[in-house]
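Asker: structure for this input, please:
(one chain, ligands or ions: 2)
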Amino acid sequence: MQVLITGGAGYIGSHTVWTFQDAGETPVVLDNLTTGFDWSLPEDVPLYRGEVSDKDLVGQIIREHQIDAVIHFAGSIIVSESVANPLKYYRNNTVASQALLEACVENGVGRFVFSSTAAVYGIPDTNPVPEEAPLRPFTPYGTSKLMTERMLADTSAAHGLAYTALRYFNVSGADPKGRTGQSTLGATNLIKVACETAQGKRNAMTVFGTDYDTPDGSGVRDYIHVSDLAAAHKLALDRLRAGGESCILNCGYGRGFSVLEVVETVKQISNVDFPVEIGPRRQGDAAHVISDNSAILQTLAWKPQYADLGRIVSDALAWEQKLKHRNRI
Ligand SMILES: NC(=O)c1ccc[n+]([C@@H]2O[C@H](COP(=O)([O-])OP(=O)(O)OC[C@H]3O[C@@H](n4cnc5c(N)ncnc54)[C@H](O)[C@@H]3O)[C@@H](O)[C@H]2O)c1
Ligand SMILES: O=c1ccn([C@@H]2O[C@H](COP(=O)(O)OP(=O)(O)O[C@H]3O[C@H](CO)[C@H](O)[C@H](O)[C@H]3O)[C@@H](O)[C@H]2O)c(=O)[nH]1
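Answerer: Ligands and ions are numbered 1, 2, ... in the order given. You can find the predicted model right below:
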């Protein structure tokens, strides 16, 4: 029995593949390599280059490898792009997930772990935000993910599929062993942008607003180390394999840092006083988004190892340095 990891060559997927390998289980990866990299994977992991929506290919992989579970990362992830090109997001996130679920049902795969997002909450009324909070995504990206959560619930009720939807907060950092990291060009996430600026890949960075109702006026987020997130996927699947029921879990540390605190931490750890401009608010940003993580702590016995902003930043910087070298080659 093997697990199929879609989008396994991407940022979070590749960390999860390494986590399974470290635990002695070799997954199978399906990825179209639009934003993923084959070199981010261990050499002995089978990689199928193809579309998640290709039911024939997925069926063939399931039968060939006796797949008992799917972890589904593949998708499009740029929030602003989803506003400009919503149908791409409904196609590549929602419609592709529908086809993948159909292939699972038709081929008897009974366990499914799904990459969802805190974007399903929109701008939360309360922080920390629990899983039961109102679901009000305001971008096609968030809606495309929420629609997949709904398909999972209905498929579970009709066909007995056991699933866990993990709602990630702000994913950042890189593998502490330096085997993979966030490698996509043009990523817009704060820690990635600040690390690129510290290493001279950007001339300056901008803080999007310092007039929020937060202690220092800049936005506050719950940054989670990608390796802790990868471990949560392994635990979620272990639980489903042991007969655990379907559930939806926030993935965060339940605490927040402001943009200015993050920038200061990157400056201190990199020892570079890079230029930072103060700009206007970015449209659609919330002041605070912090997870209530009590459910994941209870349900998965999840024990984060890297819940320290300095650790997240130093791993991200180390990976950025490696990428610099790689890009030169
Ligand atoms: N990065 C974050 O902060 C964040 C936050 C919340 C949720 N998520 C979700 O986590 C998942 C992984 O995100 P990531 O940051 O690793 O992004 P990523 O772009 O690095 O990874 C996505 C992977 O999926 C592949 N892919 C995309 N469409 C595909 C398709 N149709 N068929 C096959 N492969 C396809 C890409 O090539 C890539 O390897 C996504 O579903 C994303 O929505 C990410
Ligand atoms: O150059 C930058 C980039 C970001 N920010 C600020 O930094 C904070 C974090 O922004 P990110 O773009 O890193 O992350 P978001 O909180 O906007 O969104 C992230 O978390 C969401 C869930 O809450 C989704 O999952 C989404 O995919 C993921 O990128 C925000 O206050 C933002 O305004 C800046 O000031 N300057």
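
Asker: which residues of the stretch 151-300 of the chain score low on pLDDT?
Answerer: Within the stretch 151-300 of the chain, the set of residues satisfying pLDDT under 70 is empty.

Asker: what does it have sitting close to ligand 2?
Answerer: For the stretch 151-300 of the chain, the residues in contact with ligand 2 under the definition C-beta under 6 Å from any ligand atom are 168-170, 188-190, 193, 205-208, 219, 221, 259, 282, 285, 289. Heads up, the C-betas are built off the backbone N, CA and C, glycines and all.

Asker: per-domain residue ranges of the chain.
Answerer: Dividing the chain into domains by the TED database, as the record does, gives the ranges 2-172+224-251, 190-221+254-289+305-327.

Asker: is the shortest one up against ligand 1 anywhere?
Answerer: What it means is domain 190-221+254-289+305-327. No - counting by C-beta under 6 Å from any ligand atom, ligand 1 has no neighbours in domain 190-221+254-289+305-327; the shortest distance is 9.3 Å.

Asker: one more: the longest one?
Answerer: Yes - Domain 2-172+224-251 lies within reach of ligand 1 by C-beta under 6 Å from any ligand atom, at 6-7, 9-13, 30-36, 51-52, 73-75, 77, 92, 96, 115, 117, 168, 171.

Asker: rewinding a little: helices - which of the residues of the stretch 151-300 of the chain next to ligand 2 land there?
Answerer: Within these, residues falling in helices by DSSP state H are 190, 193, 259.

Asker: separation between Ile12 and Ser116?
Answerer: Applying C-beta to C-beta, to the nearest Å, the value for Ile12 to Ser116 is 12 Å.

Asker: what is in contact with those two at once?
Answerer: Here Ile12 and Ser116 have Tyr168 as joint contacts, going by C-beta atoms under 8 Å, 6 or more residues apart in numbering.

Asker: strands along the stretch 151-300 of the chain, start to end?
Answerer: Under the criterion DSSP state E, counting those that start in this stretch, the stretch 151-300 of the chain contains strands at 162-168, 170-172, 205-208, 220-221, 223-225, 247-251, 257-258, 276-279, 288-289.

Asker: which pLDDT value goes with Ser97?
Answerer: Looking at Ser97, its pLDDT is 98.

Asker: quick one: secondary structure of the residue lying closest to it once chain neighbours are set aside?
Answerer: Using C-beta to C-beta, 6 or more residues apart in numbering and skipping the chain neighbours, the partner closest in space to Ser97 is Thr148 (4.4 Å). Classification of Thr148 into helix, strand or coil gives helix, according to DSSP: H, G, I helix; E, B strand; the rest coil.

Asker: quick check: which element contains Arg311?
Answerer: Here Arg311 sits within helix 309-328, counting by DSSP states H and E.

Asker: mean confidence score for that helix?
Answerer: On average, the pLDDT along helix 309-328 is 89.

Asker: wait, does it contact ligand 2?
Answerer: No - remark: helix 309-328 sits outside contact range of ligand 2, by C-beta under 6 Å from any ligand atom, the gap being at least 11.7 Å.

Asker: that helix: which residues count as buried?
Answerer: When burial is assessed from 16 or more other C-beta atoms under 10 Å, helix 309-328 yields the following buried residues: 309, 311-323.

Asker: of the residues of the stretch 151-300 of the chain next to ligand 2, keep whichever come out buried.
Answerer: So, of these, 168-170, 189-190, 193, 205-208, 219, 221, 259, 289 end up buried under the neighbour-count rule (16+ other C-beta under 10 Å).

Asker: make TSV from those residues and add distance to Gly24 to it.
Answerer: TSV is the format used below for these (distance: C-beta to C-beta, whole Å):
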residue	distance to Gly24
Tyr168	25
Phe169	29
Asn170	30
Asn189	31
Leu190	35
Val193	36
Met205	41
Thr206	45
Val207	44
Phe208	43
Gly219	40
Arg221	34
Val259	40
Val289	36
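
Asker: which pair of the residues you listed spans the longest distance?
Answerer: Pairwise distances among those were taken by C-beta to C-beta; the largest, 23.9 Å, belongs to Tyr168 and Thr206.
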